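> Predicted model and sequence follow; I will ask about them next.
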Amino acid sequence: MVPQKPISQQLIYEGKAKRIFKTDQEDQVLVEFKNDTTAFNSLKREELEGKGAINCQISVHLFELLEANQIPTHFLYQAGDARMVAKLAKIIPLEVVIRNIATGSLCKQTPIAQGTQLEPPLLDLYYKDDELADPLLTEARLERLKLVSANQRFEIERLARQINDLLKSFFEQIDLVLVDFKLEFGLGPEGEILVADEISPDTCRIWDKRNQDPKAKILDKDRFREDLGGVVRAYGEILKRIQGPSSNPGNCS
């Protein structure tokens, strides 16, 4: 798809990893991926050259994969190495985390051992608020906050589990392990639920099946969190495999 009009550069929002601009289409926005890398609620921060472009290209491919499998997203088309155009959506202040293997905060907060296979996958909901450090939501808190209706919550959780199955299968084909990942959702102009934000190594834990070393196999933002180095190189390895001849947006069997 080609933009019908030049893209406006009026900034309407800037977050930790992206800038959002208005466009000449009222129902569309331009999303620019930044090189900024943060962890621990922005207590750790660094700019990594090339990271934004890699995350954008990975997100574009994975959004195309979802769309090819009838999962609605906000993505419309890529508009440069580090930019994409998306549908204007009202973001729901929920972070949906799907965990296939126990690691990270789950092992710090529970007696579940590192590396435990979680079957069925664990789905957690968090309140999206940086000032509150994105707290985990209980059933009672979710109901009290009225962030979503019962039907919306059912659809969000259904889509999240469907996306997990799809991405696990896709990554398996290119020797990657989807450990866990975060999703955000928004409401489109007709109130429809759309997958929004991004899907990238910033929002997923991804391990290399070809490497058994516990540190070297990490290809995601844990390399930054744990001072392992090689963040952009690891992200680039994911992109290289995604773009390889054995993978295409519709190939998820």
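All right, it came through fine.
> When you work out contacts or count neighbours from here on, use the C-alpha atoms and nothing else.
Will do.
> how far away is the closest residue to A133 other than its chain neighbours from K16?
Once flanking residues are discounted, A133 sits nearest to N41: 6.6 Å by C-alpha to C-alpha, 6 or more residues apart in numbering. Noted for N41: a distance of 10 Å to K16, by C-alpha to C-alpha, to the nearest Å.
> What about the residue nearest to A133, how many residues nearby?
Look at N41: counted by other C-alpha atoms under 10 Å, it has 13 neighbours.
> How far off centre is the one helix or strand F224 maps to?
According to DSSP states H and E, F224 maps onto helix 222-225. Offset of helix 222-225 from its chain centre (C-alpha atoms, centre = their mean, to the nearest Å): 16 Å.
> Which strands or helices does it pack on?
Contact here means 3 or more C-alpha pairs under 8 Å, 6 or more residues apart in numbering; DSSP states H and E; on that basis helix 222-225 packs against no helix or strand.
> Identify each buried residue in it, please.
Across helix 222-225, burial judged by 16 or more other C-alpha atoms under 10 Å covers D222, R223, F224, R225.
> Let me see the domain layout of the protein.
Per automatic domain parsing, the structural domains of the chain span 11-89, 91-229.
> Reformat these as CSV; add distance to I238 and mean pLDDT.
Output for the domains of the chain, formatted as CSV (distance: least, C-alpha to C-alpha, whole Å; pLDDT from 0 to 100):
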stretch, distance to I238, mean pLDDT
domain 11-89, 8, 95
domain 91-229, 7, 97
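> tell me the most buried of the ones you listed?
domain 11-89 (a mean of 18; mean count of other C-alpha atoms under 10 Å).
> How far away from the center of its chain is that one?
The answer for domain 11-89 is 10 Å, by C-alpha atoms, centre = their mean.
> how long is it end to end?
End residues of domain 11-89 are separated by 16 Å (C-alpha to C-alpha).
> One more: stretch 36-56?
13 Å.
> and the helix or strand encompassing H61, what does it pack onto?
When elements are assigned from DSSP H and E, H61 belongs to helix 51-68. Helices and strands touching helix 51-68, as assessed by 3+ C-alpha pairs under 8 Å, 6+ apart, comprise strand 28-33, strand 75-78, strand 83-87, helix 231-242.
> Using TSV, please lay out these together with distance to R205.
Output for the helices and strands packed on helix 51-68, formatted as TSV (distance: least, C-alpha to C-alpha, whole Å):
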stretch	distance to R205
strand 28-33	19
strand 75-78	22
strand 83-87	23
helix 231-242	11
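> just the strands in the stretch 51-200 of the chain please.
In the stretch 51-200 of the chain, the strands defined using DSSP state E, counting those that start in this stretch lie at 75-78, 83-87, 90-91, 94-101, 117-127, 176-187, 193-196.
> Which of the ones you listed sits closest to W207?
strand 176-187 (4.9 Å; C-alpha to C-alpha).
> now that closest one, how far from the centre of its chain.
That offset, for strand 176-187, works out to 5 Å (C-alpha atoms, centre = their mean).
> Which elements pack onto it?
Counting by 3+ C-alpha pairs under 8 Å, 6+ apart, strand 176-187 packs on strand 90-91, strand 94-101, helix 150-173, strand 193-196, strand 204-208.
> Just checking: what are the partner strands of it?
The sheet places strand 176-187 alongside strand 90-91 (antiparallel), strand 94-101 (antiparallel), strand 193-196 (antiparallel), strand 204-208 (antiparallel), with pairing taken from DSSP bridges.
> any idea of the angle it forms with strand 83-87?
50 degrees (axes from the mean of the first three to the mean of the last three C-alpha atoms, to 10 degrees).
> In the protein, which residue is most central in space?
In the chain, the residue lying closest to the centroid (C-alpha atoms, centre = their mean) is I199, at 2.7 Å.
> My guess is it contacts E184. True?
No: counting by C-alpha atoms under 8 Å, I199 does not reach E184; the two are 9.2 Å apart.
> how close does the nearest residue to N55 once chain neighbours are set aside sit to E192?
Once flanking residues are discounted, N55 sits nearest to S200: 5.4 Å by C-alpha to C-alpha, 6+ apart. Applying C-alpha to C-alpha, the value for S200 to E192 is 23 Å.
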